[in-house]
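1. How does the following fold in three dimensions:
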Amino acid sequence: MTKFGKIAVSLIIVLIIAGLSVPKLLSTTYVKQRIADQLSELSGRHVELTGSSSISLRPYLGVSYNDVVFSDPEDAEGKPLVSIEELKAKLDLFAALFGEANLSQVEFIRPYFRLRVGQNGQRNWLPDKGLLGKQIASEEEDGSLRLGTVKIEDGIVELSDEQSRQSSQLTAVNGQIFWPKSDAPAKINMESVWNGEIMKVSASFADPIVLLRGGTSTVSLNVNSKPIKLILDGEADSTGGGIEGSLSLNTPSPSRLVDWLGWNLPVARMIGELSINGDASLLANSLEFLEASVTVDGHQGVGRLQLVRQIEEVYEVTGTLAFKSIELPAMQYVLAPTGDVADSDAKPDLSFADNLVLDVRLSSEQASSGSLAMSNLAAAAIVRDGRASFDIGAAEAIGGTVAGSVSIRAMDDLIEAAADFALSDIDLEQLTQAYKGTAVSLQGKGDADFKLKSTGRDLNNLIVRLNGEGSIRGKDGELFGLDFPNLLANIGDGSDSVVRVSDGSTSYDELKLGFFVANGTAFLRDSSLKSSAIDLTLKGRTDLVRRSLALRGTIAVPGEENADSAELPFFVGGTDTSPLFVPLPAARLQQPPPEQPKAAQTSPQSPSQ
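-> Residues are numbered from 1 along each chain as shown. A predicted model of the protein is given here:
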């Protein structure tokens, strides 16, 4: 037979087979039953095609059915696992020529998936029956199961967790799942809307059937949305429910991210743009970076970081991070009163400590907190049981070294704040200028320490109820805004008039300022200023809210031999922004001579006596 003859005979045979197949293909009842049987055999679920149907030849041989349902026999309310408004199936043309209706691609139009995690952790979407269920259940199952492509258009995915009693929903789900055979890799590309944000997800699984059996598989995941961009490449273990590998995540707004995730984590409002890259271990309720690069508001650090989502919406963050530079939240309102009552009426916002357990050890070559600049910082940020503290083990700041802690916590309707610091070899000018608006400042090196505590409703109330103690000590410096030599000259002239001496300065060899604070009033004690020109002592009180002064002191010239002028008194009134000095005559402080006993007198009594 010639070559042409062989082709002709083959064509005739094909036409005969096609002719015999056409009646069955045109029988929608036959195709409908075959499609339902194949879907049931594959998924192990009862499948119903209850709506109208049609067969199409273009752009490919296919069928379409309305109102398709995949049952969920374990659902207490009888709701289906999947309900589909319209199902389109692409038929295998070669199989169709022999009268068979084999699926090669399925498209779900407006499906509704009801995914559920039961009380025992069982996931209703994992097949335990059917051909796919058998492949998953037994590693000894022979052969490779032929699968295909599932496309989804305008779907809804509802996920409910009976263990946590939480639920979420994806809408506008569009994409496809490509898994040609059970022993082949699988890919997913999806786009959906979750909590008002568009989210694009692409994932690949090197060995999905092993993963479904409880084994491990190489995975790749990419999530792209406005709240977060995430890239993960690693090894997934479905038995432990974890993934280990390289993880990169970036969020321009952590506050927006936690709102999107539905987490009650107010501390996120205090953080700017955040990115984390490194080797990570991801579990259902925890994320741990063993070695990560962390960038916060453009400041890069390295170290270990762990986030654990505990029960009852409590989040635990622990880690150790080292930065080149970092900007910390401003805390001057705890370190020292501003003195501005108008800005102190608002209650401090401590919501950042809600639902948070924090223990992060920090080090940074350069750091700032508001106007406070630090270097070589070693510190710890700790939040526990509603109490937040920032402990500085060591830092170079204010021209010297600083160590101490500041803490604040909520107590019902009140706030408790405390500060305990030791400052060594610091620049006293920087320290005194931190108390804004005062007309007096120091220049030179010195030491300081203070321990303060208060309980109140707001910042103003905290100052009113402030208690504690402290001291400032300095050597070889200058006191600006107070001209004590000029004051001494006026006292020497015997003047009682008010003297303004805030334009000058006073040099000192040694300065001591000791104080204790009781209910917002600072009381000076053991305070003195000494130099070759003057010897001064000071005591009294100042109201930290009104900033008023009521101080009394003595001033003298060292080595003065005249006893009457050895200690000349003065009074300081007004406010710390505009102090008034009143010289007092020395005689006013001199003790009056003791009274001499009166001599006994005798006198005749009156007639009435």
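2. For the spatially most central residue of the chain, which non-adjacent residue is closest in space?
-> Centroid-nearest residue in the chain, with Cα atoms, centre = their mean: Ala268, separated by 3.2 Å. Distance criterion Cβ to Cβ, 6 or more residues apart in numbering; nearest residue to Ala268, sequence neighbours excluded, is Pro254 at 4.0 Å. For glycine as for every other residue, the C-beta is placed from the backbone atoms N, C-alpha and C.
3. just checking, the one you found touches Pro266?
-> No: the criterion here is Cβ atoms under 8 Å, and Pro254 misses it with Pro266 at 10.8 Å.
4. Can you give the contact residues for whichever strand or helix holds Ile231?
-> Assessed by DSSP states H and E, Ile231 sits inside strand 229-237. Strand 229-237 is contacted by residues 205, 211, 215-223, 242-251, 280, 282 when judged by Cβ atoms under 8 Å, 6 or more residues apart in numbering.
5. Unless I misread the structure, Arg269 falls within a helix.
-> Yes: per DSSP: H, G, I helix; E, B strand; the rest coil, Arg269 lies within a helix segment.
6. Report how many residues lie close to it.
-> 15 (other Cβ atoms under 10 Å).
7. Run through the residues that contact it.
-> Arg269 neighbours (Cβ under 8 Å, 6+ apart): Ser255, Phe352.
8. Check the gap between it and Val258 for me.
-> 9 Å (Cβ to Cβ, to the nearest Å).
9. Next: Gly404.
-> In terms of Cβ to Cβ, Gly404 sits 31 Å off from Val258.
10. rewinding a little: can you tell me which of the contacts of strand 229-237 are classed as buried?
-> With burial judged by 16 or more other Cβ atoms under 10 Å, the buried subset of these is 205, 211, 216-217, 219-223, 242-245, 247-249, 251, 280, 282.
11. can you pull out the strands in the stretch 151-300 of the chain?
-> Secondary structure of the stretch 151-300 of the chain by DSSP state E, counting those that start in this stretch: the strands cover 166-181, 186-194, 197-205, 216-225, 229-237, 242-251, 274-282, 286-296, 299-309.
12. what's the neighbour count on the residue nearest to Ala268?
-> 20.
13. Same check on the one 10 residues further on?
-> Counted with other Cβ under 10 Å, residues neighbouring Asn264 total 13.
14. Might one say that it is in contact with Asp354?
-> Yes: using Cβ under 8 Å, Asn264 is in contact with Asp354, at 7.1 Å.
15. what is the mean pLDDT for the strand holding Ile231?
-> Averaging pLDDT along strand 229-237 yields 95.
16. same deal with stretch 83-91?
-> pLDDT averaged over stretch 83-91 gives 88.
17. Show me what that stretch is in contact with.
-> 31, 35, 49, 60-70, 101-112.
18. ditto for stretch 207-222
-> Here stretch 207-222 has contacts from 126, 135-137, 139, 179, 182-183, 185-186, 200-206, 230-239, 243, 245, using Cβ under 8 Å, 6+ apart.
19. Name only those of the residues you listed that count as buried.
-> 135-136, 179, 182, 186, 201, 203-206, 230, 232, 234, 236-237, 243, 245.
20. show me what contacts the residue nearest to the centre of the chain?
-> Pro254, Ser255, Leu257, Val258.
21. how about 10 Å then?
-> 251, 253-259, 261, 274, 315, 352, 356 (Cβ atoms under 10 Å, 6 or more residues apart in numbering).
22. Could I get the contacting residues of the closest residue to Asp576 other than its chain neighbours?
-> Closest residue to Asp576 apart from its sequence neighbours, by Cβ to Cβ, 6+ apart: Thr438 at 4.6 Å. Counting by Cβ under 10 Å, 6+ apart, Thr438 touches Gly339, Thr432, Gly481, Arg547, Thr575, Asp576, Thr577, Pro579.
23. What ranges does the protein have for its helices?
-> Applying DSSP state H to the chain gives helices spanning 3-26, 28-43, 93-96, 130-137, 208-212, 254-261, 332-335, 428-433, 459-464, 484-492.
24. quick one: which of these has the weakest pLDDT on average?
-> helix 332-335 (a mean of 42).
25. Give me the neighbour count for Pro583.
-> Pro583: 23 surrounding residues under other Cβ under 10 Å.
26. gap between it and Pro558?
-> Counting by Cβ to Cβ, the gap from Pro583 to Pro558 is 19 Å.
27. Ok, Val317 next?
-> 59 Å.
28. Mind checking which of these two has more residues around it?
-> Val317 (17 against 10).
29. The more buried one is in contact with Phe352, isn't it?
-> No: at 11.8 Å, Val317 does not count as touching Phe352 under the criterion of Cβ atoms under 10 Å.
30. where do the contact lists of those two overlap?
-> Common neighbours of Val317 and Phe352, using Cβ under 10 Å, 6+ apart, are Leu265, Val267, Leu358, Val383.
31. out of these, which is most surrounded?
-> Val383 (24 neighbours).
32. who's in contact with that one?
-> 267, 316-317, 350, 352-360, 389-390, 407, 409.
33. now those: which count as buried?
-> The buried subset of those - by 16+ other Cβ under 10 Å - is 267, 316-317, 350, 352-358, 360, 389-390, 407, 409.
34. Would you mind writing the ChimeraX command to select the buried ones in the contacts of stretch 83-91?
-> A single ChimeraX command selects the buried members of the contacts of stretch 83-91 (16+ other Cβ under 10 Å):
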select :31,35,49,61,62,63,64,65,68,69,70,101,102,103,104,105,106,107,108,109,111,112
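35. The contacts of stretch 83-91 in strands, which ones?
-> Counting by DSSP state E, the part of the contacts of stretch 83-91 found in strands is 49, 62-70, 103-112.
36. Enumerate the positions of stretch 320-332 that are buried.
-> Leu321, Ala322, Phe323, Ile326, Glu327, Leu328, Met331.
37. Thanks a lot, catch you later.
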